[in-house]
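> Got a sequence here, can you model it:
(2 chains)
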Amino acid sequence: MNNALANPNVDLSDLAIKAGLADYSPVRGCMVIKPYGYAIWELIQKELDARIKECGHENAYFPLFIPQSFINKEEDHIEGFAPECAVVTHAGGEKLEEPLVVRPTSETIIYHMFSKWIQSWRDLPYSVNQWANVVRWEMRTRMFLRTTEFLWQEGHTAHESAENADREARRMLDVYYDFMSKVLALAPLVGEKTDSERFAGAHKTYSLEVLLRDGKILQAGTSHHLGQGFAKAFDIQFQNKNNELEYVHLTSWGVSTRLIGAIILGHQDDKGLILPPNVAPIQAIIIPIYKNEEQKEKVHSNCQAIQNELKVLGIRSKVDFNDQITPGAKFNEWELKGVPVRIHVGPRDVDNNVVEIVRRDTLSKIKDITRLGLGEKINALLIEIQNSLYQRNLNWREENTHEVDSFDEINKVLDKKGGFLKVHWCGSQEHESKIKEQTKATIRIKPFEKIDGGGKCIVSGAPSKTRVFIGRAY
RNA sequence: CGGGAUGUGGCUCAGCUUGGUAGAGCGUCCGCUUUGGGAGCGGAAGGUCGGAGGUUCGAAUCCUCUCAUCCCGACCA
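The predicted structure is shown next:
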């Protein structure tokens, strides 16, 4: 398949608005998430929250406001975040003694509390997760991909040793992969960020990178091994088994409403959204078709019966009773909204005790499906669609990942089809920024396992131990 | 924050050059006929032209400022 859209940059917000996910708001860079879009977020929360709790992490809530001095405590952190902070200077009609930063992320205030709560090796590992909104005053915003305010989940853990912290960061990365592959039907590429792409204040940043239908790449989630930098800045010490004071080793990890952008851009086709069944607010839409009142009554009660049957099996479904528009208009509308399965019920179907089914991902239509056991059939179909969307995204990524060995070829390949390029890189930051300047591609990740060791850096020809993955990202 | 573009009924846009007090299509509402891939006809409602100033007898139109959105850069989940 070729690039799905001629100009996807324009189409994302357009599609999100037309499909009823979101709308612009009167506030710069901020969007309103409408019920259909928020329902997707709620499903994301429900699925991911369960997985996070399965790891033993509990939810808590920390304040929206952070004293400005907190942000300043970790050197790299302030450098990374200060420019994009919204700051409250006045409240209650008076100037505040110390300005309050609207959280861009909560490391500082959470670790301030950690220092009070963690005293002994017996307290470790210590962890907390929060679902919250954060604000980052970005220069340029794009619906779902980069909004001034966004919703996310941020988990924070403290450990006795660097090994344990790194293991936790890697575990949560695996949790994210499991969630994205099974629930969002996305197959992100996973690895470690380079020094220049690392989170402000982190020791190591791990990332999940999704290849979208337009050939561009989206960082869909990150997990950081923070080392002891924040622990030292916030004085989080514990007494170890040898009665000595030590600083903890921290991790933090998060995913945001950007995931909805990943779902849109990762699966869409030219008819609109394609929602993976596991995050589709409506998994099956039932469309009645009739010519007169008598038929209408018969068809409607049949549709209602089907919905009841689906509900018993836990399938999220709805009957489109709207009689102001024709069935054809409804077909298009629900395709735009990405509903995985459509069930058409007309007078002929009622008489023959059958239905017609259309699946959104392939647009294939199957007539005369026997009503007997319909719920199970729909269930099986939803599972098949879910799997096939994942497989499609995985294939897309694999088909669009190429080994490239000459610098000039980078632009040629990326201009034509985008995707990931596997190139040798010697590790020099100077060469990394040369790639960025001349190709607009960035090093997305360094793989965990060395690929094709012993090559030559694509920029300088210097010895390189492994290939890294580069590409153009949002 | 630099460069470019745009902003006119709910939506997409015309009108602006050459100022004279707003128009189309879609949607909405009412009626009838329709309904298996975006229905047809008839009737109706709906806009102080993004906002604020200014020029003018008179501004959607000209000038200044401002806000927002989109595209291209620098920044980022």
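> Next up, the contacts around A:L259.
Counting by C-beta atoms under 8 Å, 6 or more residues apart in numbering, A:L259 touches A:44, A:180, A:184, A:220-221. In this view, the C-beta of every residue, glycine as well, is placed from N, C-alpha and C.
> just the helices in the stretch 301-450 of chain A please.
In the stretch 301-450 of chain A, the segments counted as helices under DSSP state H, counting those that start in this stretch are A:327-336, A:347-352, A:374-399, A:407-417, A:429-439.
> Might you enumerate the residues of the stretch 351-474 of chain A proximal to RNA strand B?
Residues of the stretch 351-474 of chain A found near RNA strand B (C-beta under 7 Å from any atom of the strand) are A:356, A:358, A:363, A:365, A:367, A:436-437, A:440, A:473-474.
> let's go with 10 Å and repeat that
A:351-352, A:354-360, A:363-365, A:367-368, A:433, A:436-438, A:440, A:442, A:472-474 (C-beta under 10 Å from any atom of the strand).
> Please convert the buried members of those into PyMOL selection syntax.
In PyMOL, this line selects whichever of those come out buried by 16 or more other C-beta atoms under 10 Å:
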select buried, chain A and resi 354+355+356+357+358+359+360+442+472+473+474
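> What about the residues of the stretch 351-474 of chain A next to RNA strand B, which are in strands?
Taking DSSP state E, the ones among these that sit in strands are A:354-359, A:365, A:367-368, A:442.
> Turn those into JSON lines, columns for distance to A:E97.
Output for those, formatted as JSON lines (distance: C-beta to C-beta, whole Å):
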{"residue": "A:V354", "distance to A:E97": "73"}
{"residue": "A:V355", "distance to A:E97": "68"}
{"residue": "A:E356", "distance to A:E97": "68"}
{"residue": "A:I357", "distance to A:E97": "65"}
{"residue": "A:V358", "distance to A:E97": "63"}
{"residue": "A:R359", "distance to A:E97": "61"}
{"residue": "A:K365", "distance to A:E97": "67"}
{"residue": "A:K367", "distance to A:E97": "72"}
{"residue": "A:D368", "distance to A:E97": "74"}
{"residue": "A:T442", "distance to A:E97": "42"}
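> quick one: which of those is nearest to A:K193?
A:K193 has its nearest neighbour among these in A:T442, at 9.9 Å by C-beta to C-beta.
> in the sheet, who's paired with the closest one?
Beta bridges link A:T442 to A:G471, judged by DSSP bridges.
> swap in A:F238?
A:E246.
> Next, find the distance separating it from A:T251.
Using C-beta to C-beta, to the nearest Å, one obtains 16 Å as the distance from A:F238 to A:T251.
> And for A:H77?
Here A:H77 is placed at a distance of 15 Å from A:T251 (C-beta to C-beta).
> and what of A:I44?
21 Å.
> These two: which is more packed in?
A:T251 (29 against 23; other C-beta atoms under 10 Å).
> what lines up beside the helix or strand harbouring the more buried one in the sheet?
According to DSSP states H and E, A:T251 maps onto strand A:249-256. Counting by DSSP bridges, the strands paired with strand A:249-256 are strand A:149-159 (antiparallel), strand A:217-227 (antiparallel).
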